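**Q** With the sequence up front, the predicted model follows.
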Amino acid sequence: QVQLVESGGGLVQAGGSLRLSCAAAVSGYSFSINRMGWYRQAPGKQRELVAAITSGGTTNYVDSVKGRFIISRDNAKSTAYLQMNSLKPEDPAVYYCNKGPMPWSWGQGTQVTVSS
């Protein structure tokens, strides 16, 4: 199974920014052909997809993060990124990345906390 390692989370004030990284233990080619997504799961809630990027670089976002989050990828490094700006009190969650459809095993995620 592919190992996914998310990092970059932390505590930030509302309005602040964080940049998350997700390194996949696969070849650059295997990474590049897959759509990658960032998901988040808040306590007591289901995991939701917040941003996705296709193999061709087309991006999509859930309405609640449009204009604030930017997903990107570096296929040579088998790494996906999520730049999160203007963080809001409703953004705290554990953030995960994975491919879709047919996800790999889920990583541990990275915790994002926003103080008001």
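**A** Ah, there it is.
**Q** could you show me where the helices are in this structure, in order?
**A** Using DSSP state H, the helices of the chain run over 28-32.
**Q** Report the central residue of it.
**A** The residue lying closest to the centre of the chain (CA atoms, centre = their mean) is residue 38, at 2.9 Å.
**Q** residues contacting that one?
**A** Applying CB atoms under 8 Å, 6 or more residues apart in numbering, we find residue 38 in contact with 20, 22, 49-52, 69, 71, 80, 82, 95-97. Glycine gets a C-beta too; all of them are placed from N, C-alpha and C.
**Q** quick one: least confident helix or strand in this structure?
**A** Counting by mean pLDDT, DSSP states H and E, the chain has its least confident helix or strand at helix 28-32, which shows a mean of 90.
**Q** Let me know the closest of the contacts of residue 38 to residue 32.
**A** Closest approach to residue 32 among those (CB to CB): residue 80, at 11.0 Å.
**Q** The closest one and residue 68: what is the separation?
**A** The spacing between residue 80 and residue 68, counted by CB to CB, to the nearest Å, is 17 Å.
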